[in-house]
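**Q** Fold the following, please.
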Amino acid sequence: MDAGHRELLARMFEAAVDAAQPARRIPLYLPEAPTGRTVVIGFGKASAAMAQALERAWPGPLSGLVVTRYGYAVPCERIRIVEAAHPVPDAAGLQAARQMLETVQGLGPDDLVICLVSGGGSALLPLPGAGIALEDKQAINRALLACGASITEMNCVRRHLSRIKGGRLAAACHPARVVNLLISDVPGDDPVDIASGPTVGDPSTCADALAIVRRYGIALPPGALALLESGLGESVKPDDPRLARVTTHLIASPQMALEAAAQVARAAGVTPVILGDSIEGEAREVAKVMAGIALQARRHGQPAGAPCVLLSGGETTVTLRGGGRGGRNVEFLLALGIALNGAPGIHAVAADTDGVDGAEEVAGAYLSPDTLARAWAAGMPPRDSLDDNDAHTFFGRLGDALVTGPTLTNVNDFRAILVT
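**A** Numbers count the residues shown, from 1 in each chain. The predicted structure is shown next:
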């Protein structure tokens, strides 16, 4: 890849991540201090950084508990930071969820709960419903991640198999005032889908969750199935009086990140085209569509002429069929490369803004017109790698992996296709 093209793509990704940093966003949304206590709770990949930013900006006393992914903790003085597993939950997350419910017990109407929510909170706050063990929750989570379900579908199921998600944590805070500060990692930015909505009302039902489970042929453990079929797993609804004092603010989103990347492109003399911040679908199918748009731009100047960059966000899905090392962003990128088939003048990056694509400590990768040729020369047939869901190995061996380490934020997928 031409160094100039990769450098521009890298700067766009960095701008997208920087735009969603908690240190930038939290001070803009500080609530009014209460006459009573201020208690901070949080969950997600960005929650520790959010807690640190809040501590530095908050004018009075506070205390609390936040759970984040292993490796994503940052120092805080008054808020306790706990690390747990993602994307498959573990015992540390289970204990943190129990302690979080204990933290908000006994609050009064003069108290304030500030809830710091970001993507990844679903796995980090695993408190199973009645009759469900942690091992059951882990198995269900693995099945959801592998079946090709959308994030909205996955979170609907999670909410109805939980004792803390789907508004239950907000209900436990009653009668205190609750202020949610959210960094969105979901298409459409619906608060109920960000970390499965522990502190917002949920309009979906057990019947909805059961339909999703049946649609994807997921075999639930007996306790989980009974919870859905009986309706005992019903979540807290938006009109529940215990949620009357809950307010929610979206402080960072995928659209903000795309607009920041677009500014970098304009400064470089490249026309940005934002295709959407909430694109979903099977990663390899989305890639075919994106390849078609890129080729149209290259050949016919539509929707913009070269040089231009096609920007998009959202959350694609991968239906696992192989046994390789992959993630939805690198799967998209490999499928994009196959669809472009070495077309000249088209370079791309696809990465997760949290620094982790799939279960790998790799954010994503870069693609260039010679990627496929280099892969063949290295003895890696591109189609075989795609069929095995092995795109991390593919790009890693080519030296094209994008490794950032923890970014301390999360506005989900970032894709940039540069047409020159």
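**Q** And the strands in the stretch 301-420 of the chain, which stretches?
**A** Taking DSSP state E, counting those that start in this stretch to define them, one finds strands in the stretch 301-420 of the chain at 308-314, 346-352, 364-367, 401-402, 413-419.
**Q** Which other helices and strands does the fourth one contact?
**A** The elements that strand 401-402 packs onto, with contact taken as 3 or more CB pairs under 8 Å, 6 or more residues apart in numbering; DSSP states H and E, are strand 364-367. In this view, the C-beta of every residue, glycine as well, is placed from N, C-alpha and C.
**Q** what about 10 Å?
**A** Using 3 or more CB pairs under 10 Å, 6 or more residues apart in numbering; DSSP states H and E as the contact test, the elements touching strand 401-402 are helix 3-19, helix 328-340, strand 346-352, strand 364-367, helix 391-398.
**Q** repeat for the second one
**A** Packing contacts for strand 346-352, counted by 3+ CB pairs under 10 Å, 6+ apart, involve helix 3-19, helix 283-300, strand 308-314, helix 328-340, strand 364-367, strand 401-402, strand 413-419.
**Q** which intervals of this structure have sub-threshold pLDDT?
**A** By pLDDT under 70, the low-scoring segments of the chain are 1-2.
**Q** Was I right to think residue 247 contacts residue 182?
**A** No: applying CB atoms under 10 Å, one finds residue 247 not in contact with residue 182, separated by 11.1 Å.
**Q** Looking at the two, which has the bigger crowd around it?
**A** Remark: of residue 247 and residue 182, residue 182 carries more neighbours, 29 against 10, as counted by other CB atoms under 10 Å.
**Q** Give the helix, strand or coil label for the more buried one.
**A** Secondary structure state of residue 182, per DSSP: H, G, I helix; E, B strand; the rest coil, is strand.
**Q** Tell me which of the helices and strands packed on strand 346-352 is the most buried.
**A** With neighbours taken as mean count of other CB atoms under 10 Å, the helices and strands packed on strand 346-352 reach their highest mean count in strand 364-367, at a mean of 29.
**Q** Restrict that strand to CA atoms and write it as CSV.
**A** Extracted as CSV, the C-alpha positions of strand 364-367 are listed here (Å, rounded to 0.1, in the frame of the first residue of the first chain):
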residue,chain,number,x,y,z
GLY,A,364,-8.9,-4.3,12.2
ALA,A,365,-6.7,-4.1,9.0
TYR,A,366,-5.8,-2.2,5.9
LEU,A,367,-6.6,-3.2,2.3
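**Q** Residue numbering should commence at 550 henceforth.
**A** Okay, using 550 as the starting number, the last item reads as strand 913-916.
**Q** what's residue 940 in contact with, if anything?
**A** By CB atoms under 10 Å, 6 or more residues apart in numbering, the residues touching residue 940 are 832-833, 867, 873-884, 886, 899, 906-907, 909, 911, 913-914, 931, 934, 950.
**Q** what's the single longest strand in the protein?
**A** Of all segments of type strand in the chain, defined using DSSP state E, the longest is strand 820-828.
**Q** For it, name the packing helices and strands.
**A** Where contact means 3+ CB pairs under 10 Å, 6+ apart, strand 820-828 is packed against helix 803-816, helix 832-849, strand 857-863, strand 962-968.
**Q** can you redo these as CSV with distance to residue 771?
**A** What follows is those, written out as CSV (distance: least, CB to CB, whole Å):
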stretch, distance to residue 771
helix 803-816, 38
helix 832-849, 33
strand 857-863, 35
strand 962-968, 36
